[in-house]
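Visitor: Here you go, sequence then predicted model.
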Amino acid sequence: MSKKIGVGIIGCGTIADVYMTNITQHYNNIDLLAVADMYVEKAQQAAEKFNVPKACTVEELLAIDEIEIVLNLTIPMAHYAVDMQVLNAGKHLYSEKPLTLEIDQAKEVVALAKEKGLMAVSAPDTFLGAGAQTCRKLVDEDKIGNVVGFTANMACPGHELWHPAPGFYYKNGGGPMFDMGPYYITTLVSILGPIKRISSFTTIGREERNILGTMTKTEVPTHYSGIIEFENGAIGNINMSFETWSASLPCLELYGTKGTLTVPDPDSFAGAVTLFDGQKLKDMVDAVTDPHPAKIITMVTRQGECKMDQPLVFSYDPDPHTNMRGLGVSDMAQSLIDGRPARLTSEISLHVVEALNAFEISAKTGTAYEMTTTCERTEPMKEDWELWEVK
Ligand SMILES: NC(=O)c1ccc[n+]([C@@H]2O[C@H](COP(=O)([O-])OP(=O)(O)OC[C@H]3O[C@@H](n4cnc5c(N)ncnc54)[C@H](O)[C@@H]3O)[C@@H](O)[C@H]2O)c1
């Protein structure tokens, strides 16, 4: 891999660490040339830790000619302003999720990018990982037939248990849907295509959260229960919660006319993919000659025989738990090198921003929200992509 694309990072907080690790140690087509933060000392610490040539202000970073792609790793509330700053400086943008908080802001960012001939996309890039790509391939190969339904669930007690600066999760732009919804919605869109409409209810369990020792008012919904209808007809429920201490729900399951597909955690790049073969169950039940109840007993007791773990057929780190964040940036860089479209597009990121807002709007109005944006599924990954070097 000879050519490398210069990248810069704005926002040297919690998640920046894994991006910096992966860009400096694993992705072989991108070079981290500079890092910036509103607190320059944070940038300096990061530069020292990862041997980055320059730590500077945001303005200084955006003035570096060799930087072609800028990663916006600031908090969601700051995304829109920083996104616009990056594009106005003539750089391609990869923002952490969501692209912006509001739909109109996302449209403005996408319009500016288009006007300037730049890419403007947002995380997550987990849908490009081996887990989600294997699931997409199985669906495209008709292994579960037409997808009729799904369930998507993220249930945890809240990020203040572990995050060093968790305040933003309970302010405008926070909450479980804006924080974790992008993983689930992007993965679903990458497999099923665009969303048609969304209905939702929201609530708040704990009115105050302990934010670094101070009881702080919860300003956003912390528990969402919604329903999504896709353009292709699939419908399913989605639960996103910072109110759940424990749950036994699958992260993501797709229910098709021929079988069921259990998708790995959409906030991961690999994981277990399980296929339930409905035809196999039908054949087993059909083979039972005794009438009721023998057929029912067969159907209930032999389900396990129809479940098969599926091999991941796309490249991933040998440790399936490795956080490969940066894959979307690396694919963007390769798209510049190869002169092809990137797999993460502005249309997908904008569609996801609209969907996140749709849950809020539907909950407030008590009606289903009809989506106004759409997006196309992009090329699947090459099975043997080689942008990641195993160390
Ligand atoms: N923490 C995680 O595990 C995690 C995982 C996936 C994605 N994310 C996403 O990553 C983003 C950042 O989250 P985080 O947890 O790293 O937050 P954080 O608060 O730990 O870090 C954010 C950093 O951005 C800097 N910053 C904020 N506004 C700025 C501005 N206008 N200009 C320059 N610097 C600015 C802050 O000083 C801070 O260093 C969010 O969008 C979040 O949704 C976080």
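Guide: Cool, got the structure. Numbering: from 1, shown residues only.

Visitor: so what's residue 343 up against?
Guide: Contacts for residue 343 (CB atoms under 8 Å, 6 or more residues apart in numbering) come out as 128, 328, 331, 335, 378, 379, 381. C-beta here means a position set from N, CA and C on the backbone, and glycine is covered the same way.

Visitor: Export those to CSV and append columns for neighbour count and secondary structure.
Guide: Formatted as CSV, those follow (neighbours: other CB atoms under 10 Å; DSSP: H, G, I helix; E, B strand; the rest coil):
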residue, neighbour count, secondary structure
128, 24, helix
328, 22, helix
331, 25, helix
335, 17, helix
378, 17, coil
379, 10, coil
381, 22, coil
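
Visitor: what would those look like in a markdown table with pLDDT and distance to residue 309?
Guide: Formatted as a markdown table, those follow (pLDDT from 0 to 100; distance: CB to CB, whole Å):
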| residue | pLDDT | distance to residue 309 |
| --- | --- | --- |
| 128 | 98 | 22 |
| 328 | 98 | 27 |
| 331 | 98 | 27 |
| 335 | 98 | 33 |
| 378 | 96 | 27 |
| 379 | 96 | 26 |
| 381 | 97 | 20 |
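
Visitor: got a pLDDT number for residue 1?
Guide: Looking at residue 1, its pLDDT reads 52.

Visitor: what does the one 5 residues further on give?
Guide: Reading off the per-residue confidence, residue 6 sits at a pLDDT of 98.

Visitor: Equivalent analysis for residue 390, please.
Guide: 86.

Visitor: Same list, the contacts of residue 343, but as CSV with distance to the ligand please.
Guide: Listed next are the contacts of residue 343 as CSV, based on distance: CB to the nearest ligand atom, whole Å:
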residue, distance to the ligand
128, 15
328, 12
331, 18
335, 22
378, 21
379, 24
381, 20
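
Visitor: Take those and write them to JSON lines, including distance to residue 257.
Guide: What follows is the contacts of residue 343, written out as JSON lines (distance: CB to CB, whole Å):
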{"residue": "128", "distance to residue 257": "27"}
{"residue": "328", "distance to residue 257": "32"}
{"residue": "331", "distance to residue 257": "32"}
{"residue": "335", "distance to residue 257": "35"}
{"residue": "378", "distance to residue 257": "25"}
{"residue": "379", "distance to residue 257": "26"}
{"residue": "381", "distance to residue 257": "26"}
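
Visitor: And the furthest pair within the residues you listed?
Guide: 328 and 379 (13.5 Å; CB to CB).

Visitor: ok so, going back, ok, the contacts of residue 343 vs residue 165, which is closest?
Guide: The closest of those, once distances to residue 165 are taken by CB to CB, is residue 328, at 24.0 Å.

Visitor: Who are the contact partners of that closest one?
Guide: Taking CB under 8 Å, 6+ apart as the test, what residue 328 contacts is 94, 121, 123, 124, 125, 128, 342, 343, 344.
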